[in-house]
Each structure stands twice: as structure tokens, then as C-alpha cells.
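**Q** I would like the atomic coordinates for the input below:
(one chain, ligands or ions: 2)
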Amino acid sequence: MKYRITRTEVPNVLRFMAFFKTVIAKLATEATSNRCNPFITFVLGGPGSGKGTQCVKIAETFRFAHLSAGDLLREEMSSNSENGTMIHDIIKDGKIVPSEITVNLLRKAIHSSGNHKFLIDGFPRNEENRIAFERIVGVEPDIVLFFDCPEEEMVKRVLNRNQGRVDDNIDTMKKRLEVFKKLNLPVIDYYSAKGKVCKINAVGTVNEVFEKVQPVLAALRCIRDDALDIESSSSSSAAAVDAATRYHNRTKHSLTGGYARGPRGLDWANQPNPFLRFLSSPLLPLLHSPPEPHDDSPLYHSVFSSSLPPPQPFSHASISRLLYDSLSLSAWKSTGLSTWSLRVNPSSGNLHPTESHLLSPPLPLSQQQPSSPPFSSSSFLAHYSPKDHSLELRASISPPDLPLHRSLLLAFSSILWREAWKYGERAFRYCNHDVGHALAAAAVSAATLGWDVCLLDGLGHDDLHRLLGLDRSNPPSPDRLPDRPVRGRLPWVESQHPDCALLIFPFGGTPPSVDYAELALALSRLPAMEWLGKPNSLSKDHVCWDVIYKTAEAVKKPPTYGEGFSVNPFHRSPLISPDLYKDMTVRQVVRKRRSAVDMDGVHVLEKDTFYQILLHCLPSGELGLGEKQGKQFTLPFRVLTWDAEVHAALFVHRVRDLPKGLYFLVRNEEHLDRLKSAMRSEFEWERPEGCPAGLPLYRLARGDCRELAKQLSCHQDIASDGCFSLGMVARFEPVLREKGAWMYPRLFWETGVLGQVLYLEAHAVGISATGIGCYFDDDVHEVLGLQGLEFQSLYHFTIGSPVLDKRILSLPAYPGPGIDA
Ligand SMILES: Nc1ncnc2c1ncn2[C@@H]1O[C@H](COP(=O)(O)OP(=O)(O)OP(=O)(O)O)[C@@H](O)[C@H]1O
Ligand SMILES: Nc1ccn([C@@H]2O[C@H](COP(=O)(O)O)[C@@H](O)[C@H]2O)c(=O)n1
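**A** Ligands and ions are numbered 1, 2, ... in the order given. Next up, the predicted model:
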């Protein structure tokens, strides 16, 4: 459904306000039925008639989403929810759970599935179920499959089922058969009278029954329409793209359809320890960089807008600085009741899934900066421990083992569980935002040492796995993963997922040459090395959010050695005036960066400051006449190896002399035409007054969009109380189809890098920022007029003047209070 701006004679601003109000009102009342037209198949039959078994085969063959009412209820039952005990008792007694509960579980599952064809298995069980579904979901089934099976056969099958179900016993089975005859058969009769029932004789082997089902399904219009699609996804890369898009759709929050699946309430007793330690590893303490007045790091604006300082040699001191200004702790906070640490690299919910690992040449001993023998005698791989700013030795590497010269390698991995503990299924997105933040943090810190950085993205996932010695703690293969979230003692859930490796090398001159094939061969020998240290355990109990691990597996990067390693030329970012940054040094900015919890709702940003922040968000920086933004030449975007895919839709609330409204920053101008045709035709695409020539910023519409920004960002005031907020809109499905599903996490990395720039810029000009992971995905797309998956909003941000919470005490980062918080 489209929302149109009414063309009246009222001033533009009022017209746009009205438009936003209409959008909000419409979004709030929109029913499932008009979002898309789902194809609904009810699958009915007595207990044990084989509904579930056939649904699995149908779903696989014809790509339906299989929603079993019984499974959803059992999941709810074991999730400790308030209705859990009641559901357990009803199921054990073979009776029917109140319809409101079942229908709401189904409604949520339909919304979050991302599919449009559904098998609804074991529903409706009675007239009340049927009527509630039609009322709440607002649709009728397109077809009803009825598996007709004799009672003795059903009893035999159920008693042999052996899945530990509370209702698989003869007493409950007798009651269930009675309920089936009394309550369920009338529903089947109801749909028969409407000509919707297709009765299938359920006697025979599983395959024989499926033979009878197949022609019924194959004849359906929705299947014929999708046939082309099925063919195109037959190759494994297409299947991986499907897996990525399914995950993406399934983890969308929706204004009307509810939130992506996550835990109900936080299990504080099992909050993962934010500090991974390799117990018994030799430790190399790193040096702490001096704060003001001895701060020797360059001026913040200078690293973006002029050439970098001369490269420092790789040493204990310089590596200490690299990590101190990118990945170390920046403060401890305490309310008296709880104490927690903050880091230079931000993380959603301050949960810190990102772990870092350094591959370094030997660091020679010196009297002032002593280093212990294992670190000084050979190259080494170490895990970085931010808690005490030290390196934990994982392996010593003799020089011919790795063909890397004149460079360091910094690798990142994610402990997905840390983020999933709080955010459930959506957590995989957030972990990848954090990888992006860490990449940008490392790039900026390296620049202060005269070092350049670039992803070693020719390596594949398995290469990184070997590099980090992760072989001992693999998740199970996807086919052995449970097919729903499972709670329990699952130590593998704490395993690290390797993300990427960054090459760090002296800036200027010829970049190091990397022969990927040679490097991969060397990496393949590493697992045989002696690995030191045993990882600490992070939680006692876990929840396996299965879809996260399945998606992580599907989007693993294959090696692309053939593409070679190359480094983009460095471009300056345009600078309006150094005065905007008031002589802040890089260290002051990166170490004082905080995520604002609230914005004051009054601060007005100067227009030049606004434009300057956006100029620093450009990937290509200063360009010659006729050249366009797109290539990633500037700091820190140059760490990425692909052209910019991420743009920003800006909700401008308070910028002096700039009309409030919706704006769009086009970060890759090759996409401009597609964006214009994909978005609302009503949008103005006007260049705002005074906008610097090289800044591809467009006004889409004028109006007060504070309420809209708030609603879209999960009703959070912080999105409306800043000076501006934004949604990062990435070219999405075409990127995955053109390059591969492995671009899925990378798109999130790119948003994280952009987010890091926003954080640093905001702090450097004296205000603050906050990354917002909670937003209503498709409602954002609806406002922009985006349909389908060509463009998707992947991260939100707000920038403004923070309100400080004076009840929170700030403590120095080092030495910390000595707790694992
Ligand atoms: N055609 C078949 N022949 C023999 N066994 C079958 C057949 N179809 C299913 N089964 C087995 O019978 C048992 C019940 O099947 P299934 O769980 O699919 O039934 P259901 O109709 O979904 O039951 P319920 O309503 O109790 O969930 C399972 O153990 C399954 O493996
Ligand atoms: N619409 C429904 C579906 C199921 N239940 C309860 O769950 C039990 C098991 O269901 P299966 O589909 O897995 O057989 C069933 O006996 C009911 O107690 C329900 O209440 N409403």
C-alpha cells in the first residue's frame, strides 16, 4: 500500500507534517493482510496422522514456511513465559489452548518469517481457533489439506513417536482423539462446504503419502508463480543468499507485527563475561599512553584532511598505542549497585562480542619497554585482553611460517552468544555492526602512527579459522543444530566466529604485496602448531539461537585469492574549517567517546558543523571535476575493499537555518538514479541551500519528522531529541546476488564504520551520538517508499547534545575495579 502526499495549497511544511501523521496512523493500524498477500494452507488431521512429517517435506520441496501450532505452543511452554504452565497442563490433558494465545504466536511467526507461503500445521483445532485467526490475522486459508488416517494407525504412530512429548501416551491420546472428532471435524466440514478442503489418504509410507500430496501442491497458482524462483536458487550460492535474506526478514522488527524473537527478560545469572581470557598463556603487558597534557596523538581533523604522520616502527610502544586508542577500556562506570566497563570501540548494549587478535613480528626487548622472551624472540599470534591492556600469547610462529613482511595483522572474531544473550535472533546483525566499529577504530588509531590498514578480504572464513586456532570449539554443523532456540549447558555457543583480518602497514610508499595463495597455504599449516592457553568459560547456561549459527554458516566467505590484494589511494576528507574541532586530538576524541543515553531535545546544530560531519561520511573525499562519490578512499572507509553500498536517510530536526525534514546523503553516486526511482515519486531531490559543492545531499521533503523518527526507532525519544537522526540505507539484495551471501555481514560492517565516524565526529564537535539497532525495518522502508529488498535500512543513528545521568559514577579505565563486568 502506498501513502500519498495530498496536493493541496497548504504550505509545504504543513503538507509534509500531515503526510507523516497519516503514515504513522496508517502504520499503527495496518493489518497483516495488506502488508503482502500471504498464501495460507491449513494442515489438519487427527493426532499422529502425519501432518508434521508431510509439512516438512512440502516446506522443503515447495519452499513454504512451516508453522506448527503445536510446536509454537511447546516452545512457549518451555520458555518460562507466564502461560507456560497453563499450556503444559492443557496439552497434557489433550485439550485446546485458548485461541488468543495460539493465534498471537502464529501471527508473530507469520510476520517474522519473511516468506509469503505458509503451512499452518495443526490449526485451527476448533471453531474458536478458526474465528480468532480470521479476526486477528485478518485472512482466510487459501486451501486446507486434510490427512485422513484410521484411528488404530494414528495410535500406533503416536505411541512409537519417541520425541519425549508429554501427550504421547495412551491416556492423552484417547482424549485427543475425542477432541479431534468433536471439535476439529466440524472445522473441516466448514471448509469443505466452502470447497477449500483437499482430503488425502494418509495410509502408506511417508513417501507414498507425499506422492499423493505433491500434485495437489504443484497445481497451486502460488507454486507455479514461484517456480522460476525455485530454479534460480538451486545452486548453493543462491541458497546461501536465500538463507541470508530469510534471516534478514525474519529478524525485522515491525511496528504492527511485533519484535524479532529474543529472550523474554534478561537472564542475569548467565550474562556472558565480557572478557575472554586465555588462562595460563604468557602475558605481555602493554604500555598506557599518556593523557593530557602529555597527549602526543595528532589533531583529530588532521588525520582526515592532511597526510598522516611519518610511520612509526612496529614496537612494543607503538603496538601498545595502536590498541590503547582503538580497542582498550575507556572507563569504568558504577551506580553503586552495578559496575561495568566501556571500551574505545563501541558495541550495541555494551555487550562486546568482538575479540581481537594480533599477529606481530617479534617485539625486541628494550630497557624502558621490557618485553618477555616469547614475544621478543619470534613472530607471534596473541589475543588482546582489553581488561588489563595486555597480549595473551596463543602461538609462537617461526619467520618462514607466514609470508607477511613489514606488516602487522589484526584479526577480529565475534562471540555471537554475548549479543544473543540480550537480543536473541537479531544479534547477528549487531555483532556485525560491532565488527565495523572495531575496523574503523583500528583504522583511525593506526593512522595516528602513520600506518595504513586494509582488509585482507581475499582470505576465506576457513583461513581465518586456522589463523586464530579456533578448531577446537566449532558449533555443530547446521544439519545437527536444533531447529528452534534451545536452552541448556551448551559450551560451543561461546565459540568465536572468525570475521576478518586487517593488514596494517606503513602509510605511503609501496603497499606490501600479499600472495593470498601462499598465505593460505601457510595458514593451513598453523592448526598443527602448539596453541597456548585455555579459554575461560563465559556463562554457566546458554541459549542456542539456532538461526544465528545457521546464518553465520550460510554467509561464510569463500576464498577469493585470484582477486589479489590492492590498496586504494588515500584521499583527504573535505574540511570546512579546523576551528570546528577546537584542537581536539585523536586520543581525546576516541577515548572520550560515549554513547548518549538521552538527548536534550533543544540543542541546535550549526549548519556548517552539520555539513562538516556529513563531509566526513563521504567514502571518496575530495574529488576532481566530474568524479563521483563511491570508491572508498578516505579514512576510515578505506579499510573496506568494496565500493560504498551504504547511504543515509536523514531526519533533520534542529540544524540552524536548515528546514526540518527528510534528507538523503548519497554515498555512492552510481546508485542515485536507482534510488530516485525506488523511492517515493513525491520526493523533491532538491540540493539544500548552502550545501557544499562536493556533498551529495538532497532534501526529499520538508516537515517536522521528530515523531516519525521516534516511532520508527522503536518509539525511542533519543531519535527525536537529537539534532538529527538517520537510517543507513544499503543496496542490499543485488549486492548479495552479484557478489555472494558473504556480503551480508560486510554490509553491516560498512554501517558500523560509518557509525564510528558519526560517533567520532559528534564528539569532536562537542556533542554526542548513539547507534540505534532497534528500528522497525519495513516501516522505515514504507516511509521512504522502498519496496522489496533492493535497498534495506541496516542501522540507525542519532546525533545531538547528550543529557548526562549524574547518578552514574565514572572511574578511570586502568586500573579497573578488578571485576569481570
Ligand atoms: N506415513 C507414515 N507412515 C508411518 N509413520 C509415519 C507416517 N507419517 C508419519 N509417521 C510417523 O508417525 C509419527 C507421527 O507423525 P507426525 O508427528 O508427523 O504426526 P502429526 O499429525 O503431526 O501428529 P501431532 O498432531 O500429534 O503433532 C511420527 O513418529 C512420524 O515419524
Ligand atoms: N491449534 C492448536 C494446536 C495445538 N494445541 C495443543 O497442542 C497439542 C499438540 O498439538 P500438535 O499439533 O503438535 O498435535 C494439542 O493436543 C493441543 O493440546 C492447541 O491447543 N491448539
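
**Q** so what's the closest residue to ligand 2 within the stretch 101-250 of the chain up against?
**A** Nearest to ligand 2, among the residues of the stretch 101-250 of the chain, is Gly122, at 2.7 Å (C-beta to the nearest ligand atom). The way it works is simple: take the backbone N, C-alpha and C, and place the C-beta from them, glycine included. Contacts for Gly122 (C-beta atoms under 8 Å, 6 or more residues apart in numbering) come out as 43-44, 51-52, 68-70.

**Q** tell me which of the residues you listed fall in strands.
**A** 43-44, 68 (DSSP state E).

**Q** so which of these is the most crowded?
**A** The residue in the ones in strands among the contacts of Gly122 with the most neighbours, by other C-beta atoms under 10 Å, is Val43 (30 neighbours).

**Q** ends of stretch 339-351, what's the gap?
**A** In stretch 339-351, first residue to last residue: 13 Å (C-alpha to C-alpha, to the nearest Å).

**Q** show me what counts as buried in that stretch.
**A** Neighbour counts over stretch 339-351 (16 or more other C-beta atoms under 10 Å) mark 339, 341-349, 351 as buried.

**Q** confirm for me that Leu284 is in contact with Ser385.
**A** No - Leu284 lies out of contact with Ser385 (C-beta atoms under 8 Å); the separation is 9.9 Å.

**Q** need the overlap of contacts for these two.
**A** 391-392.

**Q** would you mind writing the CA trace of stretch 662-678 as PDB?
**A** Below are the C-alpha coordinates for stretch 662-678, written out as PDB (Å, rounded to 0.1, in the frame of the first residue of the first chain):
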ATOM      1  CA  LEU A 662      13.800  14.300   5.400                       C
ATOM      2  CA  TYR A 663      17.200  14.400   3.600                       C
ATOM      3  CA  PHE A 664      19.300  11.900   1.800                       C
ATOM      4  CA  LEU A 665      23.000  11.500   1.600                       C
ATOM      5  CA  VAL A 666      24.100   9.600  -1.500                       C
ATOM      6  CA  ARG A 667      27.400   8.000  -0.600                       C
ATOM      7  CA  ASN A 668      27.800   6.200  -3.900                       C
ATOM      8  CA  GLU A 669      26.500   8.400  -6.700                       C
ATOM      9  CA  GLU A 670      26.300   5.500  -9.100                       C
ATOM     10  CA  HIS A 671      23.200   4.500  -7.200                       C
ATOM     11  CA  LEU A 672      21.500   7.900  -7.500                       C
ATOM     12  CA  ASP A 673      19.200   7.000 -10.400                       C
ATOM     13  CA  ARG A 674      18.100   3.700  -8.800                       C
ATOM     14  CA  LEU A 675      17.500   5.400  -5.500                       C
ATOM     15  CA  LYS A 676      15.300   8.000  -7.200                       C
ATOM     16  CA  SER A 677      13.200   5.500  -8.900                       C
ATOM     17  CA  ALA A 678      13.000   3.200  -6.000                       C
END
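
**Q** distance from the chain centre to that stretch, please.
**A** Remark: stretch 662-678 is offset 23 Å from the chain centroid, using C-alpha atoms, centre = their mean, to the nearest Å.

**Q** looking at the stretch 51-200 of the chain, which residue is nearest ligand 2?
**A** Closest point on the stretch 51-200 of the chain to ligand 2, by C-beta to the nearest ligand atom, is Gly70, at 2.1 Å.

**Q** what's the helix or strand for the closest residue to Leu618 other than its chain neighbours?
**A** With sequence-adjacent residues excluded and distances taken as C-beta to C-beta, 6 or more residues apart in numbering, Leu618 is closest to Gln629, at 5.5 Å. Gln629 belongs to no helix or strand when elements are defined using DSSP states H and E.

**Q** in contact with the residue nearest to Asp267 when sequence neighbours are not counted: list those residues for me.
**A** Leaving out its chain neighbours, the residue that sits closest to Asp267 by C-beta to C-beta, 6+ apart is Trp421, at 7.2 Å. Residues near Trp421 by C-beta under 8 Å, 6+ apart: 263, 266-267, 270-272, 351, 539, 543.

**Q** closest to Leu794 out of these?
**A** Leu351 (18.5 Å; C-beta to C-beta).

**Q** the closest one touches Ala420, doesn't it?
**A** No - judged on C-beta under 8 Å, Leu351 makes no contact with Ala420 at a distance of 9.3 Å.

**Q** mind pulling up the phi and psi values for Arg125?
**A** phi -90, psi -20 (degrees, to the nearest 10).

**Q** which strand or helix spans the residue nearest to Phe637 when sequence neighbours are not counted?
**A** Leaving aside its sequence neighbours, Phe637 sits nearest to Pro619 (C-beta to C-beta, 6+ apart; 4.4 Å). Using DSSP H and E, Pro619 sits within no helix or strand.

**Q** just give me the neighbour total for Pro619.
**A** So Pro619, with other C-beta under 10 Å, has 25 neighbours.

**Q** equivalent analysis for His715, please.
**A** 12.

**Q** repeat for the one 10 residues further on
**A** When neighbours are defined as other C-beta under 10 Å, Ser725 has 32 of them.

**Q** what bridges to it?
**A** Phe651, Thr798 (DSSP bridges).

**Q** now it: how far from Ser254?
**A** From Ser725 across to Ser254, the span is 19 Å (C-beta to C-beta, to the nearest Å).

**Q** try His301
**A** The value you get for His301 to Ser254, if C-beta to C-beta is used, is 41 Å.

**Q** what's the answer for His357, then?
**A** Taking C-beta to C-beta, one finds His357 at 38 Å from Ser254.

**Q** ok, these two, which is more surrounded?
**A** More crowded of His357 and Ser254, by other C-beta under 10 Å: His357, with 24 against 19.

**Q** wait, that one sits on Tyr384?
**A** Yes - with contacts counted by C-beta under 8 Å, His357 reaches Tyr384, the gap being 6.8 Å.

**Q** so the residue nearest to Phe637 makes contact with Pro636?
**A** No - taking contacts as C-beta under 8 Å, Pro619 lies outside contact range of Pro636: 10.1 Å.

**Q** so stretch 50-67, near ligand 2 or not?
**A** No - judged by C-beta under 6 Å from any ligand atom, stretch 50-67 stays clear of ligand 2, getting no closer than 6.8 Å.

**Q** buried ones in that stretch?
**A** Result for stretch 50-67 [16+ other C-beta under 10 Å]: buried residues 50-59, 62-67.

**Q** on the three-state scheme, the closest residue to ligand 2 within the stretch 701-821 of the chain is what?
**A** Of all residues in the stretch 701-821 of the chain, the one sitting closest to ligand 2 is Asp778 (27.6 Å; C-beta to the nearest ligand atom). At Asp778, secondary structure determined by DSSP: H, G, I helix; E, B strand; the rest coil is helix.

**Q** lowest-confidence helix or strand of this structure?
**A** helix 221-232 (a mean of 50; mean pLDDT, DSSP states H and E).
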